[in-house]
Each structure stands twice: as structure tokens, then as C-alpha cells.
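Novice: Make a model of this:
(one chain, ligands or ions: 3)
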Amino acid sequence: MKIRVLGSAAGGGFPQWNCNCPNCSGLRSGTLHGRARTQSSIVVGDGACWALVNASPDILAQLQANPDLQPGRGTRDSAICAIVLVDGQVDHTTGLYMLREAVRPWPIWCTDSTFADLTRGNPVFGVLGYFCGVDRHRIGLDDAGFTIDTLPGVKWRALPVASKPAPYSPNRDAPVAGDNLALVIEDASSGKTAVYAPGLSAIDDAVWQAMQSAACVMVDGTFWTDDEMVDLGISRKRARDIGHLPQSGAGGMLEWLDRLPSGTRRILIHINNTNPILDESSAQSADLKRRRVEVAWDGMEIVL
Ligand code: MLT
Ligand code: MN
Ligand code: ZN
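Specialist: Ligands and ions are numbered 1, 2, ... in the order given. Got it, this is the predicted structure:
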């Protein structure tokens, strides 16, 4: 089983079109040691067939950057055989509009609350009904897990996580289980797992257990500090207010990652453009290296 990162940035990407924070302006002017990143998405597959996990606003550029996802076996063709959504947020669903020319209804796996968001608050599923259509598969929150028939070598399990649904979600101020997911993605033959959780504001027992038994964790890398955007004058909201556990500080992501078994591969993903870890010369980047924590980049591939 392979996991490839199509987009490693949070909503807005890096650099963000209207942002002049030190990172975005530094990257634009060539003074920052780092690389551009597109918005949040991975693919999971066996090399021939891939499940797209989250459909980023940057999906068309991501497909162009990954030509093996367009094998060209027919006049209209794609190696993406299914779509799995971890929530109904803009950075994870806008790409669905770009995929409307599919020649059959898209098999899409999502929870009931994400389905509600995508038929009401952000009715993209209704819009797709006028184009390729949606063949919706329900992700339940029991322990049963699910498989995608076209990708039998991969087993999936969804864990509800504390985070935030999108602002247009009917559940924004009263989140329910299933608004945001961590996915436990297992190679059926080796039994090895990866935990993918791009939005995570707290780590409960179930998520922690899954992280401890995983070969690789790819977890919320949005913000370094809780008040990162407040300090830059960009927003009045703190990381935790919008559903993201910051890396630094007491109870932060790095404390959790430090406690994982030594062999676990630790990767931060869904990085906001304000995060100092995007500057590869920063003290924060050096701190991550010491802790053997990696920062996902577009094109990064993990083989389990
Ligand atoms: C988030 O992860 O908090 C959201 O995707 C933010 C956004 O809408 O860009
Ligand atoms: Mn996001
Ligand atoms: Zn910025």
C-alpha cells in the first residue's frame, strides 16, 4: 500500500494568495528556505488504483503534478477509483467541483454529518447531481470499518475526532461525532497501519491507541502555537478554537509524538502558511529534526 501526499498545506495553501505573513512574503521573494505547498489531500492505493482522500481546491494542479494518476487507458480515464472525505470543509471538498466530468457517479465515502454538510450548508453533492452524480457510501462510527471494492488491499477504519466542522455546517457550534475523522488505513496483507488526521484538536483514548499501534502517523500540523494567527494580527481565533491542536506547549502535538514508540514514523500534515516549520532554517524546524518529526511535502510517498 502506498500513501502519496498530493497537498500538504492547510486551507489557503502556501503561499496563500492574499497573505503577506513572514512565511508567505518570504517564499514569494525567495528569502525563505522552504517550498510551496498545495492544499490538503492524499491518495492511498496500490499503484494502479488510488482512493483520493479529500478533494482539494488544488486537485487539477495536483493531478498534473502526478501523471501516473492519469494513466490514459481510455478517452476519459483516471486512476482515482474512489473518494473518501474526513470532513466537509472547503479545503477538503472544493475539488469535487473540478472532478465533475467523471464518466460515472463518483463513489464517495463520508459520514452522515459530512453528508448533511455537503447536501445543505455546502450542497456540492446536489450540484454534482447535474454532472457525474454521487454514489454515496456511508462511513459508520462503529468499529466495523469499511473497504472500497476497487481497492481490496486496503482496510479503512474511521475514528471520530474532536475538531470543528466548517462554518456553514449546522453543527459548527455544537459538533457531533462524525463531523471530523481520523482514518486508520491498513495494508491488508502486512497489517501495517497509518493514521491520517489532518484536523485534530484533542487526542482521545481511541485515537491514541491507533497512533501507538501505527507504523506511521500523519497528524494535524496546522499551527505551531495556539495564538499564531492572533499574534500575526490575521485572526482573533486561536488554533484550538478552530479545531487544531498546536504543536508546541503543554499538551501540544509534539508532547504526544514524543511518547510514541521509537519506530513510529511521525509526520505533520495540513500545515498552515503561518507555521514557522515551513521555514527550513527556523529554530522550530531544528526542533522537529531533533525529535525525528517530519513535515509532509507535496509528492512525499510512504510505502507500508
Ligand atoms: C480548517 O482546517 O480549519 C479549515 O479547513 C480552514 C479553512 O476553511 O480554510
Ligand atoms: Mn483544513
Ligand atoms: Zn501567510
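
Novice: any idea where the helices of the stretch 151-300 of the chain begin and end?
Specialist: In the stretch 151-300 of the chain, the helices defined using DSSP state H, counting those that start in this stretch lie at 205-212, 228-231, 253-258, 283-291.

Novice: Get me the contact residues on the chain for ligand 3.
Specialist: Proximity of the chain to ligand 3, by CB under 5 Å from the ion, involves residues 16, 19, 21, 24, 273. Just so you know, the C-beta spots here come from the backbone N, C-alpha and C atoms, and that holds for glycine as well.

Novice: what about residue 125, which helix or strand?
Specialist: Assigned by DSSP states H and E, residue 125 falls within helix 124-128.

Novice: Only the buried residues of that helix, if you could.
Specialist: Judged by neighbour count using 16 or more other CB atoms under 10 Å, the buried positions of helix 124-128 are 124, 125, 128.

Novice: Surely the second one touches residue 134?
Specialist: Yes: in this structure, residue 125 sits in contact with residue 134. The criterion is CB atoms under 8 Å, and the distance is 4.9 Å.

Novice: any residues in contact with both of the two?
Specialist: Common contacts of residue 125 and residue 134, defined by CB atoms under 8 Å, 6 or more residues apart in numbering, comprise residue 108.

Novice: Not counting its neighbours along the chain, what's nearest residue 154?
Specialist: Spatial nearest neighbour of residue 154, excluding adjacent residues (CB to CB, 6 or more residues apart in numbering): residue 1 at 5.6 Å.

Novice: Can you give me the pLDDT of that neighbour?
Specialist: The predicted structure scores residue 1 at 97 on the pLDDT scale.

Novice: Would you pull up the residue in the stretch 101-250 of the chain closest to ligand 2?
Specialist: Proximity of the stretch 101-250 of the chain to ligand 2 (CB to the ion) peaks at residue 199, 5.8 Å away.

Novice: The stretch 201-304 of the chain too?
Specialist: Nearest residue of the stretch 201-304 of the chain to ligand 2 (CB to the ion) works out as residue 270 at 5.8 Å.

Novice: Check the gap between that residue and residue 76 for me.
Specialist: Computed as CB to CB, to the nearest Å, the residue 270 to residue 76 distance reads 31 Å.

Novice: The two - which one has more neighbours?
Specialist: The residue with more neighbours, out of residue 270 and residue 76 and counting by other CB atoms under 10 Å, is residue 270; that gives 30 against 10.

Novice: what residues are up against the closest residue to the more buried one other than its chain neighbours?
Specialist: Here the nearest residue to residue 270 in space, its sequence neighbours aside, is residue 198; by CB to CB, 6+ apart that works out to 3.7 Å. Going by CB under 8 Å, 6+ apart, residue 198 touches 10, 40, 54, 86, 92, 218, 219, 220, 269, 270.

Novice: Now do the SS call for the closest residue to the third one other than its chain neighbours.
Specialist: If the residues on either side of it in the chain are set aside, residue 54 comes closest to residue 92, at 3.9 Å by CB to CB, 6+ apart. Assigned with DSSP: H, G, I helix; E, B strand; the rest coil, residue 92 falls in the helix class.

Novice: Let me know the distance separating residue 92 from residue 289.
Specialist: Counting by CB to CB, the gap from residue 92 to residue 289 is 29 Å.
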